[in-house]
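Engineer: Below are the sequence and a predicted model for it; my questions follow.
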Amino acid sequence: MPDFGYERNARQQACAPLGAVLVALLVGCDGGAGDRWYTEEQVQRGEAIFEAQCMACHDEGARGDENWRTRDEHGNLPPPPLDGSAHAWHHPLDELREIIADGQNNMPGFGNTLSEEEIDAVIAWFQSLWPDEVYEAWEEYDEAGMEGHAGDGR
């Protein structure tokens, strides 16, 4: 007597929970950028801080100046993109914090304006714009710290 797919459907229904568990385990174990250092709350807070403190120079969406690689007559560089399309990923987390707090080139320091938590929130926001490949490359720089940064010609 033919089963008209009843037996097969019963097997599929019995195995569905196991498949869901396997997918969840594989997604959770990828070790990739899904495991970023910041929280969604930091990202949301950082967006508001970026808009208030950084957007005037780094532009909407953290696009930066289109000529960010061209030095001005004083040798300073315009604001770079922070959206993952430029060199910000070459800076370990501690250096990103330091640049924001102390300033660099024409960028003023925000250490007297922003708390350490606010600086982290801004970094979280612009890093949330980075594609996974960029974030994963940044993680390697961050793990190496300043030692891994010395020879990259920044």
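Structural biologist: It's in. Numbers count the residues shown, from 1 in each chain.

Engineer: which residues sit in contact with the most centrally placed residue in the chain?
Structural biologist: Centroid check for the chain by CA atoms, centre = their mean gives Gln127 as the closest residue, at 2.1 Å. Counting by CB atoms under 8 Å, 6 or more residues apart in numbering, Gln127 makes contact with 36, 38, 84, 135, 138. Backbone N, C-alpha and C define where each C-beta goes, glycine included.

Engineer: how many neighbours does Pro92 have?
Structural biologist: Neighbour count for Pro92, taken as other CB atoms under 10 Å: 21.

Engineer: Quick check: the nearest residue to it once chain neighbours are set aside vs Arg71, distance?
Structural biologist: Spatial nearest neighbour of Pro92, chain neighbours left out: Asp142 (4.5 Å); criterion: CB to CB, 6 or more residues apart in numbering. In this view, Asp142 and Arg71 are 27 Å apart by CB to CB, to the nearest Å.

Engineer: Between the two, tell me which one has more neighbours.
Structural biologist: Neighbours per residue, other CB under 10 Å: of Asp142 and Arg71, the larger number sits with Asp142, 19 against 11.

Engineer: so that one sits in a strand?
Structural biologist: No. Counting by DSSP: H, G, I helix; E, B strand; the rest coil, Asp142 is not part of a strand but helix.
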